[in-house]
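Asker: Quick one, structure for this:
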Amino acid sequence: MGEPVRDSVEAALELDEKEVYAHIAHESAEDIVRIISSLDAERAKLHGEVIYYRDDWDDLIRERLAKGKRHTAFDFYNPALFEIWERKVKEAKGIKSMEKLAYAVFGALIIVAALASMVTGTPYIIPVLAAAPLLIFIRDKTRERLDLIYYELTQFFIDELAELLRKYSLPPERYRFKIFSGGYFGVALEKRGTEIAARVNPEKT
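Answerer: Sure thing, here's the model as predicted:
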């Protein structure tokens, strides 16, 4: 077993007040950087890209909360962050569940129609199969809605990171993050080998 996770404040108690805030802001910025990359990785996967990124965007906040909920960005300077995250996560999970339900219902209808066709000799399965394009429509709409959720959340956290760096005078080059798709505002992109790295611009325009 690994060492127990320390509360952020435990690590900061030995520092003076200014350093305490800088320490917590730094940890919060690192958390947000990971969240941005994990969200954008999920968005890129929706577009068919093969992404090898290990962080699970749905588990990141809970991992951070284990260190001390009251001492993260989610309560440190913007308590609304956690509620916004939870609401969007719930929405995304609901969309995925509805898609799976639609596939399950269609599969069950095929089985029932096939059995009925065998028993009665009437080709009930034909109209069921004729509805197959509806699944493609459901898949496409699901991808569109999830893409929008991932995009909105990623852009939201990019904006929050910029605000955090600006408020506590943290150097943006220290908080670069992996990016897999484009279209975000307030970020500067740079090529690093085969990957694209990004950093936020905390300066207000």
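Asker: which residues of the protein score low on pLDDT?
Answerer: 1-18, 54-58, 60-79, 194, 203-205 (pLDDT under 70).
Asker: Could you pull out the helices in it for me?
Answerer: Secondary structure of the chain (DSSP state H): helices at 8-12, 17-46, 60-65, 73-76, 80-120, 125-130, 133-167.
Asker: I'd like to know which of these is closest to Arg176.
Answerer: helix 17-46 (7.6 Å; C-beta to C-beta). No exception for glycine: its C-beta is placed from N, CA and C like everyone else's.
Asker: tilt between that closest one and helix 133-167?
Answerer: 160 degrees (axes from the mean of the first three to the mean of the last three C-alpha atoms, to 10 degrees).
Asker: Report the buried residues of helix 17-46.
Answerer: For helix 17-46, a neighbour-count test (16 or more other C-beta atoms under 10 Å) marks 20-45 as buried.
Asker: right, and Tyr175 touches Leu161 too?
Answerer: Yes: counting by C-beta atoms under 8 Å, Tyr175 touches Leu161, with 6.8 Å between them.
Asker: joint contacts of those two?
Answerer: Residues touching both Tyr175 and Leu161 (C-beta atoms under 8 Å, 6 or more residues apart in numbering): Ala29, Val33, Val200.
Asker: residues in contact with the first one?
Answerer: The contact partners of Ala29, taken as C-beta under 8 Å, 6+ apart, are Ala73, Leu161, Leu164, Leu165, Leu170, Tyr175.
Asker: Arg166 and Ala25, how far apart?
Answerer: 11 Å (C-beta to C-beta, to the nearest Å).
Asker: scratch that, Thr142 is what I was asking about
Answerer: From Thr142 to Ala25 the distance is 37 Å (C-beta to C-beta).
Asker: Ok, Ala104 next?
Answerer: Distance from Ala104 to Ala25, by C-beta to C-beta: 46 Å.
Asker: try Tyr52
Answerer: Taking C-beta to C-beta, one finds Tyr52 at 30 Å from Ala25.
Asker: Not counting its neighbours along the chain, what's nearest the spatially most central residue of the chain?
Answerer: Taking C-alpha atoms, centre = their mean, the centroid of the chain lies closest to Leu39, which sits 3.0 Å from it. Closest residue to Leu39 apart from its sequence neighbours, by C-beta to C-beta, 6 or more residues apart in numbering: Thr154 at 4.5 Å.
Asker: hang on, isn't the one you found packed against Glu42?
Answerer: No: using C-beta under 8 Å, Thr154 is not in contact with Glu42; the gap is 9.1 Å.
Asker: Off-centre distance for stretch 32-48?
Answerer: 6 Å (C-alpha atoms, centre = their mean, to the nearest Å).
Asker: Stretch 147-157 now?
Answerer: Counting by C-alpha atoms, centre = their mean, stretch 147-157 comes out at 8 Å from the chain centroid.
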